[in-house]
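A.B. asks: Got a sequence here, can you model it:
(2 chains)
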Amino acid sequence: MFVAALLCLAFAGAVQAKEAVLKVAQVADISNLDPHRINDVYSANVVRQVYNGLVQMDDMIRIKGDLAESWENPDAKTWIFHLRKGVKFHNGEELTASDVKFTIERILDQKTASPGAVHVKEIASVEASDPHTVKITTKNPFAPLLSSLSRYELSILNEKAVKAGGDAYGKNPVGTGPFRFVEWKSGDRVTLAKFADYYQGPAKVDGIVFRAIPEDATRLVELESGAVDIVSNLPPQDFDRMSKNPNVTVVDVQGQSTLYMGINEELKPFDNKLVRQALNYAVDKQAIIDAVFFGKAAASSGPISPSIWGFDETLKPVYPYDPEKAKELLKKAGFPNGFECVILTDPRTERKSVSELVQSYLEAVGVKASIEAIEWGAFLSATAKGAKGMFIMGWTGTGDADGGLFPRFHSSNIGAANRSRTRSAEIDGLLQKGRTTIDEKERKDVYKKLQAMIIDEAPEIFIAVTKNLAATRKNVKGYVMYPSLISPLYGVSIE
Amino acid sequence: MIRYILKRIALLVPILLGVSILIFGVIRLAPGDPAEVMLGPTAAQEDIELLREKLGLNRPIVVQYGIFLKNALHGDLGRSIKTNNPVMEELLQRFPATITLAFSSIILALLVGFPLGMIAALKQNTVWDALSSFLALAGFSIPNFWAGLMLMLLFSIVVPIFPSSGYGTWQHMVLPTVVLAIQTMAVIARMTRSSVLEIIRQDYVRTARAKGIANRLVLFRHIVRNALIPVVTIAGLYFGHSLGGVVITETIFSIPGIGRLLVDAIRSQDYPVVQGGILVFALCVGVVNLIVDVIYAFLDPRIKAQYR
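C.D. replies: Here you go, the predicted structure:
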């Protein structure tokens, strides 16, 4: 009897030990799990595990089928997607074309007020031709459509679940993804469980817990003590120390984001191209990278990151540090003694530090900049309406050159994302051509020309391409950090 | 006595009303608004305007306040702009963690600080007094976040007894409670010391001793009871201070309390959550002050006599 009891206990222990739950530490809590209501990476990271899109972008920025098995373009404005059959939502419903139609129409509806709507504004209509075929028609030929559809905001929703959920849908999400939603303890954690009926087969771990741990030091203590398995935001100053820890694996991937100091081209003397170029030469980008990012970034090779489709591979870091050339250009532009200006920043330490360094480099060539730190909301508003000088920003884009360039430099976006207020018929023309050219090779050529033109125009001081740093426990296998910071965890296992 | 309590409760109403007007106005005076934060850097001006209209942010501020007040009186504090969850629900979810932390730290501070101060006073100018003064000074000077990180390092990595972050079991509350209690404890110890030193020189203590009453009785009936009056005042005041400290402690230890909710809400300019959170804090401070006033009445018969 005693032996039997022991065996039972041992067996129960074995069963319990089998439950492999991946614990991921994020900086902040999620805001919502309705993909149409979010614009933060922490919610997106959870959404990515719960839902699928029609297509997906892998870590090498290649587009692959997801819920759509295949697609075709009968003409430049029409896209026909053939859906995978037998895909189940977590509520047991089968995926149909009408769910896809519902999803896209919902995100485009102004009443939804979705931050993600901007990526699919070119869509004119969506039709469910039959239960497994979706026809999307765009207003104009729109080459980046697939990249837009791969975004987390375009995760396919279940019409029935969304309607039943009403205002509370974001707390009871239903997707087709490898993990189903279990619980959200506000401010603390989100718990997901493996979805047994996932169309690609069940995940390797039984569940995922996303914990919100805002303090950098606490996140690392939790990783070192084994209380969490993955830390998805590793502060650069801790990278080297963590890489020496025998229980930890560090991950270092070139990110999709660029950091830059935007310049309002409408203001004097920034309306002079020579001045903008001089500012670029005046700043030592590598020194900023070493001081603020502890070397974990690369000097910018233009307006977009090399991790974005359409990046011109032949580009080298632009405007090498040359204060003499900067002074020469300022003299040529008619400002031999420099001038005074303003730098706007939001209060994040990293951005403030970069602003202060830029300020000191500019001072060395005679440009006296004063720094004004304002809250993020006010910063967005002030810079959209026309910054009173320069402003520090980061841009992640969509993984496609269009998402990295069109919002920022097309004149139709002045008053919104075109904060440098760039107004150039040539740039507008190339941006338009880039998004309407379906042929990939031809498109790449357009973006090559465009990047050269923007680098020459210098609407910003090109600073850095940041790296995505993460750390995992040694026994975590198969973790891949994506350039967008939003990484699927389907293939991850715990040994 | 009941009249006294009722009067104090009635006083809470104008205080809360004042706080609500103040916070409602101040948060709207800050530049930027939640619509911009929510729609992010790619948003077009017309979309921001549409969302502002949907959230009712383009109405005159007095109208907005009127609607808020009317709903608040019905227990509805609106919905969080960021999460779309009802604010009341979010606050209720986060309240237990914060209140447990605040109360446990005050109790710990009293349990340690009061005896420490007593010893210092009764053994004035001895090594015990010096030690107690040193501890109090150190406790008051150590910043919260530093103490937190050191305790975490010691008790989560070097000697792993307590979890370094999270919420759910009593073990999770040990380190944050200690961190939050340190400063209050130091103040209580100092306060107790000076108050006891003053009391032991009073005529009534000398009289009691002259009557031959046992030392222990003099201590508890005459000294402790009178020394408690200023200590209770300080503890009450420091409860409000603790609620401020909770913001830092909750962040260091990742405790899902109202402090962190407030910080996040202020960052994303989530007006309804900020308003609700501050109101709850104000209510807590008000209620604790009420409790302090009632305890006064018990400790000091003169107050009770006024309302008889």
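
A.B. asks: Show me where the stretch 201-308 of chain B has its strands.
C.D. replies: Ranges of strands within the stretch 201-308 of chain B: none, based on DSSP state E, counting those that start in this stretch.

A.B. asks: so what's whichever residue of the stretch 251-400 of chain A sits closest to chain B scoring on pLDDT?
C.D. replies: Of all residues in the stretch 251-400 of chain A, residue A:377 sits closest to chain B, at 2.7 Å by CB to the nearest CB. Just so you know, the C-beta spots here come from the backbone N, C-alpha and C atoms, and that holds for glycine as well. With respect to pLDDT, residue A:377 scores 82.

A.B. asks: Next one: it from residue A:464, what distance?
C.D. replies: Going from residue A:377 to residue A:464 by CB to CB, to the nearest Å gives 25 Å.

A.B. asks: Can you name the residues of the stretch 301-450 of chain A that neighbour chain B?
C.D. replies: Residues of the stretch 301-450 of chain A found near chain B (CB under 8 Å from any CB of the partner chain) are A:374-382, A:384, A:393, A:395, A:407, A:413, A:415-417.

A.B. asks: returning to what we had before: of residue A:377 and residue A:464, who's got more company?
C.D. replies: Set side by side, residue A:377 and residue A:464 show more neighbours around residue A:464, with 25 against 21, by other CB atoms under 10 Å in any protein chain shown.

A.B. asks: which residues does residue A:93 contact?
C.D. replies: By CB atoms under 8 Å, 6 or more residues apart in numbering or on different chains, the contact list for residue A:93 reads A:158, A:160-161.

A.B. asks: Reformat the residues you listed into TSV and put neighbour count next to each item.
C.D. replies: Formatted as TSV, the contacts of residue A:93 follow (neighbours: other CB atoms under 10 Å in any protein chain shown):
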residue	neighbour count
A:158	27
A:160	14
A:161	18
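
A.B. asks: where does the chain have low pLDDT?
C.D. replies: Went with chain A since none was named. Along chain A, the parts satisfying pLDDT under 70 run over A:1-18.

A.B. asks: let's do chain B instead
C.D. replies: Residue ranges of chain B with pLDDT under 70: B:304, B:306-308.

A.B. asks: nearest spatial neighbour of residue B:275, skipping sequence neighbours?
C.D. replies: residue B:23 (5.6 Å; CB to CB, 6 or more residues apart in numbering or on different chains).

A.B. asks: ok so, going back, Throw the contacts of residue A:93 into CSV and include distance to chain B, thanks.
C.D. replies: Formatted as CSV, the contacts of residue A:93 follow (distance: CB to the nearest CB, whole Å):
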residue, distance to chain B
A:158, 18
A:160, 20
A:161, 16
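
A.B. asks: which parts of stretch A:479-489 are buried?
C.D. replies: Buried positions in stretch A:479-489, judged by neighbour count with 16 or more other CB atoms under 10 Å in any protein chain shown: A:479, A:481-489.

A.B. asks: Repeat that for stretch A:378-393.
C.D. replies: By 16+ other CB under 10 Å, the buried positions in stretch A:378-393 come out as A:378-384, A:387, A:389-393.

A.B. asks: go on, stretch B:160-168?
C.D. replies: Going by neighbour count (16+ other CB under 10 Å), the buried part of stretch B:160-168 is B:162-167.

A.B. asks: In strands, which of the buried residues of stretch A:378-393 fall?
C.D. replies: Among these, DSSP state E puts A:390-393 in strands.

A.B. asks: ok, the residue of the stretch 251-400 of chain A closest to chain B - contacts?
C.D. replies: B:31-34, B:36-37, B:268-269.

A.B. asks: Now with 7 Å, please.
C.D. replies: B:32-34, B:36-37, B:269 (CB atoms under 7 Å, 6 or more residues apart in numbering or on different chains).

A.B. asks: Turn those into TSV, columns for distance to chain A, secondary structure and neighbour count.
C.D. replies: As requested, these are exported to TSV (distance: CB to the nearest CB, whole Å; DSSP: H, G, I helix; E, B strand; the rest coil; neighbours: other CB atoms under 10 Å in any protein chain shown):
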residue	distance to chain A	secondary structure	neighbour count
B:32	3	coil	18
B:33	6	coil	23
B:34	7	helix	24
B:36	5	helix	24
B:37	4	helix	24
B:269	5	coil	25
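
A.B. asks: between those residues, which is closest to residue B:180?
C.D. replies: Set against residue B:180, the nearest of the contacts of residue A:377 by CB to CB is residue B:269 (27.5 Å).

A.B. asks: got a list of what that closest one touches?
C.D. replies: Counting by CB under 7 Å, 6+ apart, residue B:269 touches A:377, B:32-34, B:37.

A.B. asks: Could you rerun that using 8 Å?
C.D. replies: Shown in contact with residue B:269 (CB under 8 Å, 6+ apart): A:375, A:377, B:27, B:30, B:32-34, B:37, B:81.

A.B. asks: Then residue A:137?
C.D. replies: If you count contacts by CB under 8 Å, 6+ apart, residue A:137 has them with A:77-79, A:123-127.

A.B. asks: Just the buried ones out of those residues, please.
C.D. replies: Among the contacts of residue A:137, those classed as buried by 16+ other CB under 10 Å are A:77, A:79, A:123, A:126.

A.B. asks: so residue B:238 touches residue B:184, yeah?
C.D. replies: Yes - counting by CB atoms under 8 Å, residue B:238 does reach residue B:184; the two are 4.5 Å apart.

A.B. asks: so what sits against both of the two?
C.D. replies: Residues touching both residue B:238 and residue B:184 (CB under 8 Å, 6+ apart) are B:106, B:109.

A.B. asks: Which residues of the stretch 151-300 of chain A lie near chain B?
C.D. replies: Of all the residues in the stretch 151-300 of chain A, those lying near chain B are A:167-168, A:170-171, A:185-189, A:211-215, A:217-218, A:221-222, A:224-225, A:227, going by CB under 8 Å from any CB.
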